[in-house]
Every structure is written in structure tokens, then in C-alpha cells.
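Enquirer: The following block contains a protein sequence and its predicted model.
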Amino acid sequence: MSKTDKGKVVKMVLKMVIKAGTAGPAPPVGPRIGQLGIPIMGFCKDFNEQSKHYLDGVPVGTIITAYEDRTYDLKLFTPPTSYFIKACAGVQKGTQNPGSEFVGKISPKMVYEIARFKKENDPRLTFHPLPGICRMVAGQCKSVGVKIE
């Protein structure tokens, strides 16, 4: 257990990907949050309120910091890069054999736009140069099985 600058004792830090606007007490969200002693309905309302600017069902990266006094901090991040790649390529699922089998294709301009969106909206990528983020997106395209043409 560690103390934060607020003087609270951190019980656990939980990273989850939750679909925007759909957090509820049902699995997978409810049981994971309940284990931490966080009020489930309060969390679901907070999450759905903070994620309302995304389309319903878009996966959103979430970091939940639970404290010993049953309070929590909630941080939302941009959807995963693979979500944007699959949406641009028009596919539901990636390939089973990355690198040798391709399920779709996207243009270099789309790679640039994904990278630019991630740089502007994801605080974890603020200090990365845009060409580096473009290379990250291109690597993710290969992992998903989407060709860049």
C-alpha cells in the first residue's frame, strides 16, 4: 500500500478496456470493481458520463485507482489503435497469421490521421514525435493484418 500526494492509501490500480456508455454492474465491470470495494453504480455513472463523447460501444482504455477509504480516481484514454485500424479497414477482426495474411488495407493518410489523433488526445504520447507514432501505428497494422497501400 502506498500513499498518494492527497494523503490517501492506494489499495490497487486497475487497468481495463471498457466499452463507452455501456458500463453496468454486469460482468466484466461489476465484479472487478466490486472486489475493490468501490460503489459499482457510482462508478458506472461516472464512467458513462466521462465517456459520453465517444460512440456507444467504442472500447476505451481506463485506469482506476482504488483507495482504502472506498473512493477512486478514474482516468480515460483514447480507444486502442487497433480499433481505429480495423474501423478504417472496414474489418471486424484481425488476422490469425500476422505478417503473412492480410484482412484489409488502409492508406498512408489514414495512418497519419490515426497517429495525429492519438498524439493530440492521448497524454501518454504527448512527448513522442509524430513520425514515431506513425511507425507505431504501422507496426500495429502489421500485427492486425492490415496492409498499408
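Expert: Good, I have the coordinates.

Enquirer: and the longest strand for this protein?
Expert: strand 9-19 (DSSP state E).

Enquirer: quick one: the helix or strand that it is followed by to chain centroid distance?
Expert: For strand 9-19, the following helix or strand on the C-terminal side (DSSP states H and E) is helix 29-35. Centroid separation between helix 29-35 and its chain, computed with CA atoms, centre = their mean, to the nearest Å, is 18 Å.

Enquirer: which residues are contacting the helix or strand containing E113?
Expert: Under the criterion of DSSP H and E, E113 resides in helix 108-121. With contact meaning CB atoms under 8 Å, 6 or more residues apart in numbering, helix 108-121 is reached by 78, 81, 84-85, 88, 125-126, 128, 130, 133-134, 136-138, 141, 148. From N, CA and C alone the C-beta is placed, and that goes for glycine too.

Enquirer: Equivalent analysis for stretch 29-43, please.
Expert: Contacting residues not belonging to stretch 29-43 are listed as 11-12, 14, 16, 18, 23-25, 44, 47, 64, 66, 70-72, 74 [CB under 8 Å, 6+ apart].

Enquirer: Quick one: buried ones out of those residues?
Expert: Among those, those classed as buried by 16 or more other CB atoms under 10 Å are 11, 14, 16, 18, 23, 44, 47, 64, 66, 72.

Enquirer: what about stretch 40-55, average pLDDT?
Expert: Model confidence over stretch 40-55, given as mean pLDDT, is 92.

Enquirer: mind listing what's buried in that stretch?
Expert: Neighbour counts over stretch 40-55 (16+ other CB under 10 Å) mark 40, 43-44, 47-48, 50-51, 54 as buried.
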